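In: Return atomic coordinates for the entry below.
(chains A and B)
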Amino acid sequence: MKIETRTVGDVQILDCSGKITLGEGTMAVRNTVRDVLKNGGKKIILNLADVNYIDSSGIGELVSSYTTVTNQGGKLKLLSLTKKIQELLAITKLLTVFSVYDNEQQAIASF
Amino acid sequence: MITQENTIEVSIGSALEYLDLVQLVTDCITRFMEFDEDSSHWIGMSVRESVTNAIQHGNKLDQNKKVAIRFEVSPEQLDVYVTDQGNGFRIEDLPSPLDPENLLKPSGRGIFYIQSFMDSVEFRKLSRGGMEVHMVKRVSSN
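Out: Residues are numbered from 1 along each chain as shown, chains lettered A, B, ... in the order given. Here you go, the predicted model:
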């Protein structure tokens, strides 16, 4: 699991790649989102295009991150879901919770 | 193409570090059975979720307790049995992750995903102690 953070204007884009599974993967997402918040970032995009595997704990971590960011007055949006992540979010009704984008420019403009 | 029945058994200690190993074994078996890529992915995820539950919630990460995974391969279907040495649970006691009050909970989706992706799932408390999860994926549903 690897996360690289980019800044576009006042938006932080977290490019995630690899596996978001219980343990190392979920901790990486949690810690990176917390670091962004600690540094004052309020507009966060999780780019999941290169996430090749996610488990229920990974989905849970996306929910936790969403809640943490929202509770601190920020916004967290998802970009470029793979077909499998989309399916996992859809069947657990989480597509109704997250704002999801296929296009980075549109995701940035949505804040 | 599978022409005869076979059983593959794996026993692991209650540590999350073994999850990738179990996943690898599952992937090899589904490839051997010629499940398509999507079915293989969801079977692998279902087994991983079940073993995660057995390690975390069943055996409570007690290294002295084992998790047994048995794969029964046949031309018609794959049966997977995941057994722990914990106190067990009643499936009807688990809250639905789809209820509005549970939507934003960080956990509680694993069993729902298993039930969604496998053709059948049964949970059984064993008389000798422990819990057994029996999952089936039919080759025809591939």
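In: Residue numbers of chain A in contact with chain B?
Out: A:21-23, A:55-57, A:59-61, A:63-64, A:66-67, A:84, A:88, A:91-94, A:96-97 (Cβ under 8 Å from any Cβ of the partner chain). Quick note: C-beta positions are derived from backbone N, CA and C, even for glycine.
In: Contact partners for B:Val10?
Out: B:Val10 makes contact with B:21-22, B:25, B:68-71, according to Cβ atoms under 8 Å, 6 or more residues apart in numbering or on different chains.
In: Take whatever helix or strand it lives in, keep the C-alpha atoms, and write them as PDB.
Out: Per DSSP states H and E, B:Val10 falls inside strand B:6-13. Extracted in PDB, the C-alpha atoms of strand B:6-13 (Å, rounded to 0.1, in the frame of the first residue of the first chain):
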ATOM      1  CA  ASN B   6     -10.200 -33.400  -3.800                       C
ATOM      2  CA  THR B   7      -9.600 -31.800  -0.400                       C
ATOM      3  CA  ILE B   8      -7.000 -29.200   0.500                       C
ATOM      4  CA  GLU B   9      -6.600 -28.300   4.200                       C
ATOM      5  CA  VAL B  10      -4.700 -25.400   5.700                       C
ATOM      6  CA  SER B  11      -4.300 -24.700   9.500                       C
ATOM      7  CA  ILE B  12      -2.900 -21.400  10.700                       C
ATOM      8  CA  GLY B  13      -2.300 -19.700  14.000                       C
END
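In: Note down every partner strand of it and its orientation.
Out: strand B:66-73 (antiparallel) (DSSP bridges).
In: sorry, back to before: pull out the buried residues from the residues of chain A next to chain B.
Out: Buried members of the residues of chain A next to chain B, scored by 16 or more other Cβ atoms under 10 Å in any protein chain shown, are A:21-23, A:55-57, A:59-61, A:63-64, A:66, A:84, A:88, A:91-92, A:94, A:97.
In: Chain B: strands as residue ranges?
Out: For chain B, applying DSSP state E gives strands covering B:6-13, B:66-73, B:77-83, B:120-125, B:131-138.
In: got the residues of chain B near chain A?
Out: Residues of chain B lying near chain A (Cβ under 8 Å from any Cβ): B:16, B:19, B:41, B:45, B:48-49, B:52, B:97-98, B:103-107, B:109-110, B:112-113, B:116.
In: one step back: now render the contacts of B:Val10 as JSON lines, adding neighbour count, pLDDT and distance to A:Asn103.
Out: Output for the contacts of B:Val10, formatted as JSON lines (neighbours: other Cβ atoms under 10 Å in any protein chain shown; pLDDT from 0 to 100; distance: Cβ to Cβ, whole Å):
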{"residue": "B:Leu21", "neighbour count": "12", "pLDDT": "97", "distance to A:Asn103": "39"}
{"residue": "B:Val22", "neighbour count": "21", "pLDDT": "98", "distance to A:Asn103": "37"}
{"residue": "B:Val25", "neighbour count": "16", "pLDDT": "98", "distance to A:Asn103": "39"}
{"residue": "B:Ala68", "neighbour count": "17", "pLDDT": "98", "distance to A:Asn103": "47"}
{"residue": "B:Ile69", "neighbour count": "22", "pLDDT": "98", "distance to A:Asn103": "42"}
{"residue": "B:Arg70", "neighbour count": "16", "pLDDT": "98", "distance to A:Asn103": "46"}
{"residue": "B:Phe71", "neighbour count": "21", "pLDDT": "98", "distance to A:Asn103": "42"}
